[in-house]
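Visitor: 3D model of this:
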Amino acid sequence: MKITNDIIYIGVNDHQIDLFEGQYSVPNGMAYNSYVIIDEKIAVMDTVDINFTDVWMDNLQNALQGRTPDYLIVQHMEPDHSANILNFIKAYPQVKIIASAVAFKIMKQFFGTDLSENNMIAANGTTLELGKHTLTFYTAPMVHWPEVIVTYDNTDKVLFSADAFGKFGALDVDEDWACEARRYYIGIVGKFGAQVQAMLKKLKDLDIQIICPLHGPVISNDLEYYLDLYNTWSSYGVESEGVMIAYTSVYGNTKNAVMKLAEKLEAGGCPKVVVNDLARCDMAEAVEDSFRYGKIVLATTTYNGEIFPFMREFINHLTERNFQNRTIGFIENGCWMPMAAKIMRNMLDNCKNLTFTDTTVKILSAVNDENTAQIDALANELLSCDK
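Guide: So this is what the prediction gives:
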């Protein structure tokens, strides 16, 4: 697949995988993207997962049409992109590797061989002349590993963005970009919003017309839409107006309160109400929703003097991804000593810029008239807090 006259896509689709990084469900597979720039000198942009060595090498040879590559540019050392570095060197021993200094250290850890000798370290602003194409490298540490670089082709105005602007899903599947890109970003990159913001500032003055990520489709239309979303996600802004309710329920009483709250919110004109049963939903999607919407309600039971395990896991996912800038409400349930709301709030203590509702719904076993009034008050508070 030609991206431009001189840039060719040589990546692969993986429909064998069930869990990406051992935890994220990918029913539509994954794409491992790699590119080659054909010029007086030839540069290959990253490799692919070890399970697709032969397919990738065939794609590369078809693109080269008998020529020999001069450079392998390693932007990111996760094995789904770097696993074939040694196979590539074996096929093309004269090639020069270009990567960050940290990447060469990680290569030695993976491969047991120091590959930095006679190769080129890409520092921030380093350039490489291929002929008519000039590449400029920008360091992007912790987006989302410390060794990451991104590469800008000054001639075709292409940004090779490493894992930035990536998404779940193979390229031979038609699906909405934002949904799976958001789940990918929040799950994998979300902790490093400040570092993504730093990268975006480095790139803000570039004339970018095409983005070539290491996962997901090449982006060539309506780039402002994608850049704006990335800016919102990495600054922990609110993408969509609405309320996300995450709950666990043992015997259905906490769920009953949640459904009553959802009904009140919808009747009151809330633009969107999303309800996630944490014991049954895809946890990554629930986490994604919590970063998408500006108002979150956490509802759970006191359990073994603690909170229900799925809720604890969920809040841990939020805090380890720098959850912030949200309004939070609580529903708690307990037969004799309800303390779930206190525990949940304590777990969120180190999160920045959280606003907690005045109303907490406190259920003693089952919803009663007092709880119904509390649910009404919580709904009204959530509906009015932006007015």
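Visitor: where does Asn353 fall, secondary structure wise?
Guide: Secondary-structure assignment from DSSP states H and E places Asn353 in strand 352-363.
Visitor: the strands in the stretch 201-350 of the chain, which residues?
Guide: Under the criterion DSSP state E, counting those that start in this stretch, the stretch 201-350 of the chain carries strands at the ranges 210-212, 240-247, 273-277, 293-303, 306-307, 324-333.
Visitor: on that earlier part again, by contact count, what packs against the strand holding Asn353?
Guide: If you count contacts as 3 or more Cβ pairs under 8 Å, 6 or more residues apart in numbering; DSSP states H and E, strand 352-363 packs onto helix 253-267, strand 324-333, helix 340-347, helix 369-384. C-beta: built from backbone N, CA, C; applies to glycine.
Visitor: please redo it, this time with the cut-off set to 10 Å
Guide: Using 3 or more Cβ pairs under 10 Å, 6 or more residues apart in numbering; DSSP states H and E, the elements in contact with strand 352-363 are helix 253-267, strand 293-303, strand 324-333, helix 340-347, helix 369-384.
Visitor: where does the residue nearest to Thr355 when sequence neighbours are not counted land on pLDDT?
Guide: Nearest non-adjacent residue to Thr355, counting by Cβ to Cβ, 6 or more residues apart in numbering: Thr327, 4.7 Å away. On pLDDT, Thr327 comes in at 97.
Visitor: hey, what's Thr327 bridged with?
Guide: In this entry, Thr327 is beta-bridged to Lys295, Thr355, by DSSP bridges.
Visitor: going forward, the N-terminal residue is numbered 19.
Guide: Sounds good: first residue 19 from here, last item Thr345.
Visitor: can you report phi and psi for the closest residue to Asp32 other than its chain neighbours?
Guide: Spatial nearest neighbour of Asp32, excluding adjacent residues (Cβ to Cβ, 6+ apart): Met48 at 4.7 Å. Note on Met48: its backbone torsions stand at phi -140, psi 150 [degrees, to the nearest 10].
Visitor: rewinding a little: now the strands of the stretch 219-368 of the chain in CSV, with mean neighbour count and distance to Tyr243?
Guide: Below are the strands of the stretch 219-368 of the chain laid out as CSV (neighbours: other Cβ atoms under 10 Å; distance: least, Cβ to Cβ, whole Å):
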stretch, mean neighbour count, distance to Tyr243
strand 228-230, 23, 12
strand 258-265, 21, 14
strand 291-295, 19, 22
strand 311-321, 24, 19
strand 324-325, 19, 38
strand 342-351, 22, 21
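Visitor: what's the closest of those to Ile116?
Guide: strand 228-230 (16.3 Å; Cβ to Cβ).
Visitor: show me what that closest one is packed against.
Guide: Partner elements for strand 228-230 (3+ Cβ pairs under 10 Å, 6+ apart): strand 25-27, strand 167-171, strand 176-178, helix 241-252.
Visitor: pLDDT averaged over that strand - what is it?
Guide: For strand 228-230, the mean confidence score works out to 98.
Visitor: surely Pro97 meets Asp64?
Guide: No. Judged on Cβ atoms under 10 Å, Pro97 makes no contact with Asp64 at a distance of 11.6 Å.
Visitor: hang on, the earlier thing: isn't the residue nearest to Asp32 up against Phe186?
Guide: Yes. Using Cβ under 10 Å, Met48 is in contact with Phe186, at 6.5 Å.
Visitor: shared neighbours, those two?
Guide: Counting by Cβ atoms under 10 Å, 6 or more residues apart in numbering, the shared contacts of Met48 and Phe186 are 38, 42, 202, 233-234.
Visitor: turn the residues you listed into TSV, including pLDDT, distance to Val113 and neighbour count.
Guide: As requested, the shared contacts of Met48 and Phe186 are exported to TSV (pLDDT from 0 to 100; distance: Cβ to Cβ, whole Å; neighbours: other Cβ atoms under 10 Å):
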residue	pLDDT	distance to Val113	neighbour count
Phe38	96	29	19
Tyr42	95	33	20
Tyr202	97	30	26
His233	97	24	26
Gly234	96	27	23
